[in-house]
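J.: Next one to model:
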Amino acid sequence: MFTFAPKKSETMKEKLRLLSPALLLVALLVAAYFLLKYESEYLWKAQELNLFLDTPLFFRQQMVTSGWLLTWLGSWFTEFFYYPWLGVTLLCLWWAVLMVAVGGAFRISLKWAVVLLVPVAAILASNVELGYWIYYLKLRGYFFAATIGTTLAAANVWLFRLIPDKYYLRPLYIVASTALLYPLIGFYALLSALLMGILAWRLAGTTTGHIVCTAAALLSIAFWPLFYYHFVFNQTNMQNIWWTGLPLFVFDQEYASYYIPYYILVASLVLMAACYGRGHGAVRRPVIWLACQAVVVAVVVFGVQHFWYRDYNFHKELRMLRCVENLDWEGVLSEAAVANDEPTRAIVMMKNLALFRLGRQGDEMYRYKTGAKASDTPLPLRMTQVMGRSIYYHYGQLNFCYRWCLEDGVEAGWRLEYLKYLLRCSLVNGEDRLARKYIDMLKHTRYHKEWAERYEHFLGDRKALAADPEFEPILHLMPPSDVLASDKSLTEMFLMNQFIYYNSNDKLFQEQALLSALWMKDIQMFWPRFFQYAASHTDQHMPIHFQEAAFLYGQLEHQVDISNMPFDKEVVQTYNDFMQMAQQCAGMSNEQMKQVFYPRFGHTFYYEYYLVRNQKLY
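T.: Presented below is the predicted three-dimensional model:
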């Protein structure tokens, strides 16, 4: 028998036909690579700000609003970001399933499979655009919710497409499927109904049948949310019943720009439904077809890049926060040492905390770049949301750590991070029964059981707790007495005032009180703290920055005789050099002087006192 080789042109067309599916695989691999390369700490933080418990009670708690399946499954999958590579792998697998579901629902031909990148890119953009919104999100399972919801909506449309056009089965299916799916996936069930109402006009059937399908879709969208609101889910606000399963980017106002990826997602699916059945012919002009493929890819890449939140300080804060969580103080300083931008106050405070824990703040505090750059976000951001709980905890202000965990838990939902701090605060306060409750809850998580079991050993054992490297410094820094106060959400200012105005015989507390006096540049409060510190540290060398402040204040006001104080020669010489240069730079603005003085004196308290002014706190 003879066989005939395919024509060269047919072979080329077959290869071209497989180009689009290959692009989909490459796109998923590229997305995974960039997520792991640039957003590993961000995704790890996402699981810390998530909570999934394998208990019946937790399951029932999700069922109080429509869309509960999204939040329950989304929270479960978010757990896997504990290992970012694993979470990203699962997310990309979900996106592969999503593309199959959308392709099957709208019968996208292989040669145009590249258009399936658009809904995936929109969801990717919604995940990486958040920035500081990650601290304010109230939708559980946010990072998987849109993917799961869209996949189930597309699968429902795919089933609808297979139903024959007789006995009004299609409109009945629209009504029944929307009624079934709305409690589970909320908004995405209504989106599915809309897509079926549009797709009906592209399927074989009568005009009457098409009209009935569209009417069934519109009535389902209007009726079922109202029905469930009145008879099942009465904890949802009336104005939100059509949007359950979607995030609400509302704080002091609505931030509409964060919804744009969702608009693109819906628009792409509607367009696919409206164009159903097109594009199945042969590729007649490969050049034009390739150009179209290139345009789709370029638009997708540009769109994702546009929405991807790239802020140097935000990502540095995340890395430093993880180091703080792991008590890796050298890691905090390694991050602080590399400063390609003016740091935020959160970065400066974490750096100071690390130096304090290592006993080096009095000598090295100004050797790192300082600043008060505003966070790159339209939100009225407060440090209490970013790292206030952690800072309060490590500086012994347990009441305020506990308070913010409770308030944020009530406002935005309970999270792993909150439970962890509530547990540790309870242990330090000696509230073992309360600590036991939090331990038992954390034992029902996937990756934090061992963490909870470590702290379980401290129950009823105050000696072991007092000797632990994490708790021992905290016990020294706790205020001598409980007082009713308010931090007014100004974490740094509140902390400094707490230390400077309290008297304590504890050496570690005295050191922090003196450091607070330097921060406040309060000469009257500095001297009593300085002498108290000196009297209790006679066997130690006086840290450089404390000497600089004492010498400077002695020269400024002459209220204290410093002539007999054993200042280091370097301290005196640096002061004289600073003042000499100040005379040479007379007439310069503050900003001009900062640029001139920083290379030589930026590591001194002299520079801090004279040239660092009007730092904004938040």
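
J.: Now do stretch 386-395, average pLDDT.
T.: The average pLDDT for stretch 386-395 rounds to 95.

J.: do stretch 66-81 as well
T.: Rounded mean pLDDT across stretch 66-81 is 97.

J.: Make 40 the first number, not 1, from now on.
T.: Sure, I'll start numbering at 40, so the last one becomes stretch 105-120.

J.: buried set for it?
T.: Across stretch 105-120, burial judged by 16 or more other CB atoms under 10 Å covers 105-114, 116-120. Backbone N, C-alpha and C define where each C-beta goes, glycine included.

J.: send the alpha carbons of that stretch over as CSV?
T.: Presented in CSV, the C-alpha positions along stretch 105-120 are these (Å, rounded to 0.1, in the frame of the first residue of the first chain):
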residue,chain,number,x,y,z
SER,A,105,-24.8,33.7,49.7
GLY,A,106,-21.5,32.9,47.9
TRP,A,107,-20.4,30.9,51.0
LEU,A,108,-18.9,28.1,48.8
LEU,A,109,-16.4,30.6,47.4
THR,A,110,-15.3,31.9,50.8
TRP,A,111,-15.0,28.4,52.2
LEU,A,112,-13.1,26.9,49.3
GLY,A,113,-11.1,30.1,48.7
SER,A,114,-10.0,30.1,52.4
TRP,A,115,-9.0,26.4,52.2
PHE,A,116,-6.9,26.9,49.1
THR,A,117,-5.3,30.1,50.5
GLU,A,118,-3.9,28.0,53.3
PHE,A,119,-1.4,26.5,50.8
PHE,A,120,0.3,29.9,50.3
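
J.: tell me how far that stretch is from the chain's mean position?
T.: Remark: stretch 105-120 is offset 17 Å from the chain centroid, using CA atoms, centre = their mean, to the nearest Å.

J.: Point out where the stretch 290-439 of the chain drops to low pLDDT.
T.: Within the stretch 290-439 of the chain, the ranges that satisfy pLDDT under 70 run 318-323.

J.: Surely Ala152 touches Val141?
T.: No. In this structure, Ala152 is not within contact of Val141 by CB atoms under 8 Å, at 9.9 Å.

J.: Pick out whichever of those two has more residues nearby.
T.: Under the criterion of other CB atoms under 10 Å, the comparison of Ala152 against Val141 puts Val141 first, with 26 against 21.

J.: List the contacts of the residue lying closest to Pro382 once chain neighbours are set aside.
T.: Excluding the flanking residues, the one nearest Pro382 by CB to CB, 6 or more residues apart in numbering is Gly410, at 4.9 Å. Applying CB atoms under 8 Å, 6 or more residues apart in numbering, we find Gly410 in contact with 381-383, 387, 654.

J.: Pull out the buried residues from these.
T.: 382-383, 387.

J.: What helix or strand is the residue nearest to Pro382 located in?
T.: For Gly410, there is no host helix or strand (DSSP states H and E).

J.: Also Leu357?
T.: helix 351-364.

J.: C-terminal to that helix, what's the next element?
T.: Scanning forward in sequence from helix 351-364 by DSSP H and E, the next helix or strand is helix 368-376.

J.: The helix or strand following that following helix versus helix 368-376: what angle between them?
T.: Using DSSP H and E, the helix or strand that follows helix 368-376 towards the C-terminus is helix 384-396. Interaxial angle, helix 384-396 versus helix 368-376 (axes from the mean of the first three to the mean of the last three CA atoms, to 10 degrees): 140 degrees.

J.: ok, longest helix in the chain?
T.: Longest among the helix segments of the chain by residue count, using DSSP state H, is helix 246-270.

J.: Can you give the contact residues for that one?
T.: Contacts for helix 246-270 (CB under 8 Å, 6+ apart): 105, 204, 207, 209-211, 213-214, 217-218, 221-222, 228-229, 232-233, 235-237, 239-240, 275, 277, 280-281.

J.: before we move on, which element is Gln274 in?
T.: According to DSSP H and E, Gln274 maps onto no helix or strand at all.

J.: Now it: closest residue in space that isn't a chain neighbour?
T.: Val103 is the one closest to Gln274 (CB to CB, 6+ apart), at 5.1 Å.

J.: Burial check on that neighbour, number of neighbours?
T.: When counting by other CB under 10 Å, one arrives at 12 neighbours for Val103.

J.: what does Phe97 give?
T.: With other CB under 10 Å as criterion, Phe97 counts 16.

J.: which residues does it contact?
T.: For Phe97, the contacting residues are 91, 483, by CB under 8 Å, 6+ apart.

J.: try Asn542
T.: Pro519.

J.: pLDDT at it, what is it?
T.: Note for Asn542: predicted pLDDT of 83.

J.: Redo the buried ones among the contacts of Gly410 as a markdown table? Include distance to Pro95.
T.: Output for those, formatted as a markdown table (distance: CB to CB, whole Å):
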| residue | distance to Pro95 |
| --- | --- |
| Pro382 | 46 |
| Thr383 | 42 |
| Val387 | 45 |
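
J.: quick one: Asp291 from Tyr657, how far?
T.: Distance, Asp291 to Tyr657, by CB to CB, to the nearest Å: 14 Å.
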